[in-house]
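Q: next input, structure requested:
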Amino acid sequence: MNAMDVETWIEAFAAAFNAADADGVAALFADGECYWRDLVAVSWNLVTVEGRAGVADLVRAQAAKIGPITITGTVPAASTAAGQIEGWYNFETSVLRGKGYVRLRDGLAWTLLTAAQELIGFEEPGGRRRPEGAVHKPLKNRRTWTDEREEIAATLGHSVQPYCLIVGAGQGGLALGARMKRIGVPTLIVDSLPKVGDSWRSRYRSLCLHDPVWIDHLPYLPFPDHWPVYTPKDKMGDWLEAYAMIMELDIWTSTICRKASWDERDRRWTVIVERGGETITLKPHQLVLATGLSGIKQVPAIPGAESFQGIQFHSSDHPGAEQFGGKRCIVIGANNSAHDIAEDLWENEADVTMIQRSPTTVIKASSLRVLQEKGYYSEAAVEAGLKTDDADLLVNSMPFRAREPADRANCRAIQLWDKAFYERLAASGFQFDFGEDETAIGGKYMRRASGYYIDVGASDLIADGEIRVRHGGVERIERNAVVLTTGESLPADVIVYATGYGPMNGWAEMLISKEVADKIGQCWGLGSGTAMDPGPWEGELRNMWKPTAQDGLWFHGGNLVQSRFHSLHLALQIKARMEGVATPMFHPPTIERPPLTA
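A: From the prediction side, this is the model:
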């Protein structure tokens, strides 16, 4: 085959797909390592298929169901690697419009992205489709915007049932709620806290986001250009509260979900909530658990804990260290929360010891910033005219497995840049690693969402001996001490359990049933076969933003960029179901294989 440019390749791809020629489509991909990542557009799922055989499987399963793909425009991009050309394209199916990106090597696809953007006939009311907002003629009994908002507040969840119920009004629930509002899905968001943003406000006073501002925008309403690089937690809480108001989201705060059950005959949920002393029954067709990246907090059962005479709490309940000045504080755990809290305690004159149970991946925030400044989420990218939505597509056009070599290269570069830092940290006795395959935080976050610390200062305190570190497990707790498995007894006034959280499907078990939670299976992770991420390989995050084994139940979580990007895909799937749009779903086979090596 002669080498093709982007436009010619896309035309050949569409022609072969429209002919349901699975082998013909597969032949347009590289023989060996190649990927097609589809976000709803073709699979009505979030999937990545690998190799020509995987590509052919997707075409055989979906081409006749999806119907013809029409290419509506291509935009070649600058080459980013020797022998590689790439570019954007826009396309339509019979029911949706999409956008994608292809990378060609020697005229064949190495990676292909097809990502749904909007449903035809149900477009968002933006730009030239924006509402008028006023009726310029005399009207008796005129209804104002305020009248309409008050009516919704009075009826939604009572005489009018929401089509979708979102549990959780953090950044994930709000991002999804905003998407739903824009495409006309009646949605109610419930949260147990008194105010939107309290999930951030209630945390310890020194907390700031570890991700920089360019990553953290919410849909439709980016931060202003004077916003700090790292957002303080109270400022973030206020932004979320303002966002909910501006985006006209329908939210019940101080509302506790007690129970949910699915009615197979009626195809809807019965959800029992408590609000203002009243028990209310909601009947949504779709239920989204947007309760955060993790599940229920885990506090280990340690013998003698009930006899402790001091204060003990999980890291999620850390009230701030102001009250602990002069206290002997033991932090059990050595990941992000443990470090942040240990530093907070040190700043408030506490005596701090961290108990490290396993090695931690440590990367300096300043080094991540250097890498990010070269990437799509940066001031340099903004200055070059790259929009956040396009940055999201570019980042997500790279399948997870294909990211691993770049993650390793970045990790090795950081080890060289920060060689002296790591030598000091090792000399202190702190145990660190860079992941089982040196993909560092990039690998650990997607595989297990734990096991790392983005260093914003605590590592220097450890290296200098200001925060002491001990290793191993806790054998027992006494009235005024923590006794380690080594036999060492550490005097203690305060114990902080920075011991993480259970799996995300724990929320489903608590709210619905263990049977449903077990049917869904693991949430998060790729199936890499590394620690806490058992195989088989799936190539996408398990059960996130996609249909689960339980009809009408969805999970929405992750960091701010994932909440922003994937809220679109989840909203489109739910809207399609509400409108009766056919959603023929492709389930790729899972495979047992190790991660790619360098």
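Q: for stretch 223-236, measure first residue to last.
A: Looking at stretch 223-236, the gap from its leading to its trailing residue is 10 Å under the measure CA to CA, to the nearest Å.
Q: for stretch 125-137, same thing?
A: Chord length of stretch 125-137, first to last residue, is 23 Å (CA to CA).
Q: what's the mean pLDDT across that stretch?
A: Averaged across stretch 125-137, pLDDT comes to 93.
Q: how far does it sit from the chain's center?
A: The chain centroid and the centroid of stretch 125-137 are separated by 34 Å under CA atoms, centre = their mean, to the nearest Å.
Q: Provide the contact partners of that stretch at residue level.
A: With contacts defined as CB atoms under 8 Å, 6 or more residues apart in numbering, stretch 125-137 is touched by 123, 142, 145, 182. For the C-beta atoms, the positions are set from N, CA and C on the backbone; glycine is no exception.
Q: could you dump those to CSV with secondary structure?
A: Shown next, in CSV, are the contacts of stretch 125-137 (DSSP: H, G, I helix; E, B strand; the rest coil):
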residue, secondary structure
123, coil
142, coil
145, helix
182, helix
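Q: report the contact partners of the residue nearest to residue 324 when sequence neighbours are not counted.
A: In space, not counting the residues next to it along the chain, residue 324 is nearest to residue 350; the distance is 4.7 Å by CB to CB, 6 or more residues apart in numbering. When contacts are counted by CB under 8 Å, 6+ apart, residue 350 touches 321, 324, 325, 326, 327, 328, 329, 494.
Q: where is pLDDT lowest across those?
A: Here the lowest pLDDT out of the contacts of residue 350 sits on residue 321, with 93.
Q: separation between the residue nearest to it when sequence neighbours are not counted and residue 194?
A: With CB to CB, 6+ apart as the measure, residue 348 is the residue that lies nearest to residue 321, at 3.9 Å, once sequence neighbours are left out. Taken as CB to CB, to the nearest Å, the spacing of residue 348 relative to residue 194 amounts to 26 Å.
Q: what do you get for residue 253?
A: Following CB to CB, the distance that separates residue 253 from residue 194 is 6 Å.
Q: equivalent analysis for residue 427, please.
A: Using CB to CB, one obtains 47 Å as the distance from residue 427 to residue 194.
Q: show me where pLDDT drops low in the stretch 401-550 of the chain?
A: Along the stretch 401-550 of the chain, the model assigns pLDDT under 70 to no residue.
Q: where do the helices sit along it?
A: Counting by DSSP state H, counting those that start in this stretch, one finds helices in the stretch 401-550 of the chain at the ranges 419-427, 440-447, 458-463, 506-511, 514-520.
Q: now render those as TSV, adding distance to residue 337 and mean neighbour count.
A: Written out in TSV, the entries for the helices of the stretch 401-550 of the chain read as follows (distance: least, CB to CB, whole Å; neighbours: other CB atoms under 10 Å):
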stretch	distance to residue 337	mean neighbour count
helix 419-427	19	14
helix 440-447	15	23
helix 458-463	11	22
helix 506-511	18	21
helix 514-520	25	16
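Q: for residue 405, find the nearest of those.
A: Within the helices of the stretch 401-550 of the chain, the stretch nearest residue 405 is helix 440-447; the backing value is 10.8 Å (CB to CB).
Q: returning to what we had before: dump the contacts of residue 350 into TSV; add distance to residue 464 as well.
A: Formatted as TSV, the entries for the contacts of residue 350 read as follows, by distance: CB to CB, whole Å:
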residue	distance to residue 464
321	19
324	20
325	20
326	20
327	20
328	19
329	17
494	22
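Q: of those, closest to residue 295?
A: When the contacts of residue 350 are compared for distance to residue 295 (CB to CB), residue 494 wins out at 25.2 Å.
Q: what number of residues lie near the closest one?
A: One way to gauge burial is a neighbour count; for residue 494, by other CB atoms under 10 Å, it gives 21.
Q: who touches it in this structure?
A: 310, 311, 312, 324, 327, 328, 329, 330, 345, 350.
Q: still on that earlier bit, filter the contacts of stretch 125-137 to the buried ones?
A: The neighbour-count test (16 or more other CB atoms under 10 Å) applied to the contacts of stretch 125-137 identifies residue 182 as buried.
Q: coming back round to it: strands - which of the contacts of residue 350 land there?
A: Within the contacts of residue 350, residues falling in strands by DSSP state E are 328, 329, 494.
Q: tell me what the second one is bridged to.
A: Looking back up the chat, that one is residue 329. Here residue 329 shows beta-bridge partners residue 352, residue 494, assigned using DSSP bridges.
Q: look up how far residue 301 lies from it.
A: Separation of residue 329 from residue 301 (CB to CB): 21 Å.
Q: quick one: contacts for the residue nearest to residue 321?
A: By CB under 8 Å, 6+ apart, the contact list for residue 348 reads 321, 322, 324, 325.
Q: write the ChimeraX selection for whichever of these are buried.
A: To isolate the buried ones among those in ChimeraX, judged by 16+ other CB under 10 Å, type:
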select :321,324
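Q: got the contacts of residue 348 as JSON lines, with distance to residue 112 columns?
A: Shown next, in JSON lines, are the contacts of residue 348 (distance: CB to CB, whole Å):
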{"residue": "321", "distance to residue 112": "50"}
{"residue": "322", "distance to residue 112": "53"}
{"residue": "324", "distance to residue 112": "54"}
{"residue": "325", "distance to residue 112": "57"}
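Q: pick the one among the contacts of residue 348 closest to residue 257.
A: Nearest to residue 257 out of the contacts of residue 348 is residue 321 (CB to CB; 31.9 Å).
Q: surely that closest one meets residue 207?
A: No. The pair residue 321 and residue 207 fails to qualify as a contact (CB atoms under 8 Å) at a distance of 11.4 Å.
Q: before we move on, back to that, more crowded one of residue 253 and residue 194?
A: The neighbour comparison of residue 253 against residue 194 (other CB under 10 Å) goes to residue 253, with 18 against 10.
Q: return the distance of the more buried one relative to residue 188.
A: Distance from residue 253 to residue 188, counting by CB to CB: 12 Å.
Q: what do those two both touch?
A: If you check residue 253 and residue 188 against CB under 8 Å, 6+ apart, no residue is contacted by both.
Q: any idea how far the residue nearest to residue 4 when sequence neighbours are not counted lies from residue 58?
A: Nearest in space to residue 4, with sequence neighbours left out and distances taken as CB to CB, 6+ apart, is residue 107 at 4.4 Å. Residue 107 sits 21 Å away from residue 58 when distances are taken as CB to CB.
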